[in-house]
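Visitor: sequence first, then the predicted structure:
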Amino acid sequence: MADTSLNVRVLGFAGSLRRDSYNRAALRAAQELLPPGMTLEIFDLAPIPLFNEDVERDGVPMAVKEFKERIAAADALLIATPEYNYSIPGVLKNAIDWASRPPGQSPLIGKPLAIMGASSGYFGSARAQYHLRQVCVILNMHPVNSPEVFISGAASKFDETGKLTDGMFRDGISKLLKALQEWTIRLQRA
Ligand SMILES: Cc1cc2nc3c(=O)[nH]c(=O)nc-3n(C[C@H](O)[C@H](O)[C@H](O)COP(=O)(O)O)c2cc1C
């Protein structure tokens with residue numbers, strides 16, 4: 001049971017820029033399902049430009065600076081990833097690549113996180129989520145292992161307003177948030 005007197009501040013972002021993105025809708029569902037003692041702000045990756053080491057050397061763009069500051073200020077992250085061609089979308093990888101810099105000084109290092117995802121396919125972004133877990137290794141991020149939330153056949157799990165209506169997946173997100181809360185507090189105390 002988590003100590004709910006401590007507030008765990010979570011920054012969430014989705015690897016989709018689509019207006020009606022199921023993954024952004026899943027983050028909004030997470031905001032509805034937060035346990036006591038946890039807050040979730042959603043960050044939009046749209047303003048982040050394509051990574052270029054020349055641009056980085058000439059001056060890190062404001063949107064990237066803000067992204068990194070928001071990561072640093074958060075106790076934990078919640079990433080909702082679609083699956084593109086069995087992997088994570090370029091939008092998400094690009095944002096992580098920016099935030100991973102400079103090597104050894106990234107605000108991502110040591111950060112607890114939870115991963116979930118929605119896709120139109122049968123596997124609910126599972127293959128993308130495992131690729132994302134691989135990226136976490138080089139950054140020494142600390143993902144929650146269980147539960148896993150694979151929202152498959154997403155078109156039938158959200159209504160026309162973007163609300164997640166599927167009880168099983170709502171329950172899965174709720175359990176994932178509680179696991180992230182406990183995991184974050186445990187790492188903070190370690
Ligand atoms: C370039 C591209 C590749 C895709 N590849 C996969 C895939 O490998 N597996 C899958 O389940 N869905 C795939 N899809 C479908 C996505 O799951 C679907 O578009 C989903 O709605 C994207 O997430 P979003 O709603 O958050 O934008 C792909 C879609 C695009 C645009």
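Guide: Arrived safely, thanks for sending.
Visitor: using CSV, list the CA coordinates for the biggest helix by length in the chain.
Guide: Longest helix of the chain, by residue count under DSSP state H: helix 167-189. Extracted in CSV, the C-alpha atoms of helix 167-189 (Å, rounded to 0.1, in the frame of the first residue of the first chain):
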residue,chain,number,x,y,z
GLY,A,167,-13.7,-1.7,-18.2
MET,A,168,-10.9,-4.2,-18.4
PHE,A,169,-8.5,-1.6,-19.8
ARG,A,170,-9.7,1.0,-17.4
ASP,A,171,-8.9,-1.4,-14.6
GLY,A,172,-5.5,-2.2,-16.1
ILE,A,173,-4.6,1.5,-16.2
SER,A,174,-5.8,2.0,-12.7
LYS,A,175,-3.6,-0.9,-11.5
LEU,A,176,-0.6,0.4,-13.5
LEU,A,177,-0.9,3.8,-11.9
LYS,A,178,-0.9,2.3,-8.4
ALA,A,179,2.1,0.2,-9.3
LEU,A,180,3.9,3.3,-10.6
GLN,A,181,3.1,5.1,-7.4
GLU,A,182,4.4,2.4,-5.2
TRP,A,183,7.5,1.9,-7.4
THR,A,184,8.3,5.6,-7.4
ILE,A,185,8.1,5.9,-3.6
ARG,A,186,10.2,2.8,-3.2
LEU,A,187,12.9,4.1,-5.4
GLN,A,188,12.8,7.5,-3.7
ARG,A,189,13.4,5.8,-0.4
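Visitor: ok, now how distant is the residue most central in space within the chain from Pro36?
Guide: With distances taken as CA atoms, centre = their mean, Ile79 lies nearest the centre of the chain, 1.0 Å away. For Ile79, the distance to Pro36 equals 23 Å [CB to CB, to the nearest Å]. Bear in mind the C-beta positions are built from the backbone N, C-alpha and C, glycine included.
Visitor: before we move on, what about Leu50?
Guide: From Leu50 over to Pro36 (counting by CB to CB), the distance is 40 Å.
Visitor: what about the residue of the chain most remote from its centre? Give its phi and psi, please.
Guide: Relative to the mean C-alpha coordinate of the chain, counting by CA atoms, centre = their mean, the farthest residue is Asp58 (28.6 Å). Dihedral angles of Asp58 (phi, psi; degrees, to the nearest 10) stand at phi -80, psi -20.
Visitor: residue boundaries of the strands in this protein?
Guide: Counting by DSSP state E, the chain has strands at residues 8-14, 38-43, 76-80, 112-118, 142-143, 149-151.
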